[in-house]
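In: Just to be clear, the model below is a prediction. Sequence and coordinates:
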Amino acid sequence: MSRESSIAAAAAYFDDGRYIEDLRRRVAIPSESQNPERAEMLAVYLSGNLQAAFERLGYVCTIFENPVSGGGPLLLAERFEDAGLPTVLSYGHGDVVRGQEQAWSDGRSPWKLQVDGERIYGRGTADNKGQHTVNIAALAAVLETRGALGFNSKYLMEMGEEVGSTGLAEFVSAHAHELRADVLLASDGPRVDPATPTLFLGARGALNFDLICALRAGAHHSGNWGGLLANPAIVLAHAIASCVNAQGQIILGDWLPPEIPSSVRDAVASLMPAGGTDAPSVDPNWGEPGLSSAEKVYCWNTFEVLAMEAGQPAKPVNAIPGVAKAHCQIRFTVGRDPDDFLPALRSHLDAQGFENVEIVRSEQGFFRATRLDPDNPWVEFVRASVARTTNKAPAVLPSIGGSLPNALFAQDLHLPTVWVPHSYAGCSQHAPDEHVLAHVQREALQLMAGLFWDIGDKPPVTPRANLD
């Protein structure tokens, strides 16, 4: 059998409806890791669905309890073919964010897959059930046509990515030798635009924290006390403005990354981030001046206020609030130690006279930044394979704008990491009406089948990291 047969088998899996049916069963499992009432569904997703899917492909599956109390279970599926063959480690997550059942439009349910033209709706279709459904099916297509993969395969599935991958670092540390491989090849996140196959080689890090200005207990009448009492919302707004200007440019120097390397700048030079027809328009004058849109989101640090509250926003009254709070985030690239960000902020706020603004680091939501050099042999191998299948030049992002637990694979397991996303930025990920595009899923099945075939045919030869 041939490479073309494998690609055709993957396309047939979509065309005859098997992709939709497999994804329908997975979406129907409400595996909300953010909802304690759904905790049992995390195990059901692994033992009641994925385990059987892998075992049909000749994988040996082990389900592990999370090493951290309260964390979701993990599954490691392994297919060993020969000690002389390369080993590919893949990763995905079966947990999803809250369904937000009441907010979906046109009577849709997050737990019932619905196809409407090009859009395939359901919670997890984009993040991440649809993406690992593609990859598992592509592995099956190669096995169907070749009878073997031609490489050893390990697939790690976690059930807590949406709550900060609780326990994943401890699991990777404890099972480093079981996870030993030559490359991480995984799928999550969006393409740079729906029409362009995309690779990304790392991820920006994320650090979340609260800024709190608590000046007094309770609120006080603005007519009696206006002009006499400091307003914490105004104080907090000025504290934030001392870190970032009115155009979104970071002005706190210790938060800025080093100069963008030339290989990274060259990799994104021709890219224009786009989220499809329903995506918001880019604000051209927002962010770091002198950078392209791609450089801003893939290669630079950003500061965002994600939520802000003072008083009673839903039912305002004529009173000066006693407390104001903002939930903030720094997205950052490699080159800066994230442990320095909040101490630098503390020194800056004190120097600006904002000693009364407290900084509280979030317990969840921290990710380290990673970025693989675009010149790595695995990058060129995957790029060439995808281009051969699709007849398109894929976009290559040194790091994605969002955050993933990629550092566990890139830094702790010392693997080259190549991600091939199957979604797009306008997919309503984490929101009501989450969906994927049918033509992107069909193309993804084909390009992944071609890629897995090529790895089994003639993979790049690279030294394996020593974990001893």
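Out: Structure's in. What do you need?

In: and residue 54, that one's in a helix?
Out: Yes - with DSSP: H, G, I helix; E, B strand; the rest coil as the criterion, residue 54 is part of a helix.

In: Can you read off the pLDDT for residue 184?
Out: pLDDT for residue 184: 98.

In: Let me know the secondary structure of it.
Out: Assigned by three-state DSSP, the conformation of residue 184 is strand.

In: just residue 389 next, same as before
Out: Secondary structure of residue 389, reduced to three states by three-state DSSP: helix.

In: Check whether it really touches residue 453, as I assumed.
Out: No - Residue 389 lies out of contact with residue 453 (Cβ atoms under 8 Å); the separation is 9.3 Å. All C-beta atoms are positioned from the backbone trio N, CA, C, and that covers glycine.

In: For those two, list the residues in contact with both.
Out: residue 7 (Cβ atoms under 8 Å, 6 or more residues apart in numbering).

In: Name the residue in the two with the higher neighbour count.
Out: residue 453 (26 against 23; other Cβ atoms under 10 Å).

In: hang on, the more buried one packs against residue 146?
Out: Yes - with contact defined as Cβ under 8 Å, residue 453 counts as touching residue 146 (7.1 Å).

In: What are the boundaries of the helices in the stretch 151-300 of the chain?
Out: Ranges of helices in the stretch 151-300 of the chain, per DSSP state H, counting those that start in this stretch, are 168-174, 222-225, 232-241, 262-268, 293-298.

In: from the chain's centre, how far out does stretch 369-386 sit?
Out: 18 Å (Cα atoms, centre = their mean, to the nearest Å).

In: Sorry, wrong one. I was asking about stretch 175-184.
Out: Using Cα atoms, centre = their mean, the offset of stretch 175-184 from its chain centre is 21 Å.

In: Contacts made by it with the rest, please.
Out: 64, 76, 78, 86-91, 154, 156, 172, 378, 406, 409-410, 412-413, 415-418, 459, 462, 464, 467.

In: Narrow those residues to those in helices?
Out: The helices, defined by DSSP state H, take in 172, 378 from those.

In: Can you select the buried ones among the contacts of stretch 175-184 for me in PyMOL?
Out: Remark: buried members of these, expressed as a PyMOL selection using 16 or more other Cβ atoms under 10 Å:
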select buried, resi 64+76+78+86+87+88+89+90+91+154+156+172+378+406+409+410+412+413+415+416+417+418+459
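
In: Could you list which of the contacts of stretch 175-184 belong to strands?
Out: Per DSSP state E, strands hold the following members of the contacts of stretch 175-184: 64, 76, 78, 87, 88, 89, 90, 91, 154, 156, 417, 418.

In: For the residue nearest to the first one when sequence neighbours are not counted, which residues count as its bridge partners?
Out: Right, residue 64. Nearest residue to residue 64, sequence neighbours excluded (Cβ to Cβ, 6 or more residues apart in numbering): residue 74, at 4.8 Å. Applying DSSP bridges to residue 74 gives these bridge partners: residue 64, residue 158.

In: what's near enough to touch residue 74?
Out: Counting by Cβ under 8 Å, 6+ apart, residue 74 touches 46, 63, 64, 66, 156, 157, 158, 159, 167, 168, 171.

In: Give me the neighbour count for the closest residue to residue 114 other than its chain neighbours.
Out: With Cβ to Cβ, 6+ apart as the criterion, residue 114 has its nearest non-adjacent residue at 4.5 Å, and that residue is residue 121. Residue 121: 23 surrounding residues under other Cβ under 10 Å.

In: Return the residues in contact with residue 121.
Out: Residue 121 makes contacts with 104, 108, 113, 114, 115, 433, 434, 435, as judged by Cβ under 8 Å, 6+ apart.
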